[in-house]
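Q: Model the following, please.
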Amino acid sequence: MTMEKYKLETMWPDLPMSNRYEIAYHHVLEEYPDWKKKDITGESPDSRVSNEFAKSVIQFAEHKQLMKN
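A: Have a look, this model is predicted:
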């Protein structure tokens with residue numbers, strides 16, 4: 001485990017929600033395949049893919065401990 005990941009895991013419960021959501025957004029987006037990334041970040045995002053993405057970000061950010069993926 002890298003030092004940065006260790007720090008993040010120990011600080012996660014105390015991070016402001018805005019920071020947790022930003023980290024979650026980038027983490028979940030990074031995990032998605034390219035075609036889904038394009039649908040999410042494109043000019044007219046696909047609502048099904050965007051809804052799925054939003055739910056994943058919320059689940060990740062709201063978790064009481066950093067989810068280990």
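Q: What helix or strand is E9 located in?
A: Element membership for E9, per DSSP states H and E: helix 3-11.
Q: got the residue ranges for the helices in the protein?
A: 3-11, 17-31, 34-41, 47-62 (DSSP state H).
Q: Just send these back as JSON lines, with mean neighbour count and mean pLDDT too.
A: (Each C-beta comes from the backbone N, C-alpha and C, glycine too.) Formatted as JSON lines, the helices of the chain follow (neighbours: other CB atoms under 10 Å; pLDDT from 0 to 100):
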{"stretch": "helix 3-11", "mean neighbour count": "10", "mean pLDDT": "81"}
{"stretch": "helix 17-31", "mean neighbour count": "15", "mean pLDDT": "94"}
{"stretch": "helix 34-41", "mean neighbour count": "14", "mean pLDDT": "90"}
{"stretch": "helix 47-62", "mean neighbour count": "15", "mean pLDDT": "93"}
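Q: W12 versus I58, what's the distance?
A: Using CB to CB, to the nearest Å, one gets 15 Å for the distance from I58 to W12.
Q: got it, and S18?
A: S18 sits 14 Å away from W12, going by CB to CB.
Q: hey, C-alpha coordinates of stretch 2-21 in CSV?
A: Only the C-alpha atoms of stretch 2-21 are listed here, as CSV (Å, rounded to 0.1, in the frame of the first residue of the first chain):
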residue,chain,number,x,y,z
THR,A,2,1.4,3.4,-0.9
MET,A,3,1.8,6.1,1.7
GLU,A,4,-0.7,8.3,-0.2
LYS,A,5,-3.4,5.6,-0.1
TYR,A,6,-2.7,4.9,3.6
LYS,A,7,-3.1,8.6,4.4
LEU,A,8,-6.3,8.7,2.4
GLU,A,9,-7.7,5.7,4.2
THR,A,10,-7.0,7.1,7.6
MET,A,11,-8.3,10.5,6.8
TRP,A,12,-11.4,9.4,4.9
PRO,A,13,-14.0,9.6,7.7
ASP,A,14,-12.8,13.1,8.6
LEU,A,15,-12.7,14.5,5.1
PRO,A,16,-15.3,17.2,4.1
MET,A,17,-18.0,15.7,2.0
SER,A,18,-17.0,17.9,-0.9
ASN,A,19,-13.6,16.3,-1.0
ARG,A,20,-15.0,12.8,-0.6
TYR,A,21,-17.3,13.4,-3.6
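Q: Good, wrapping up.
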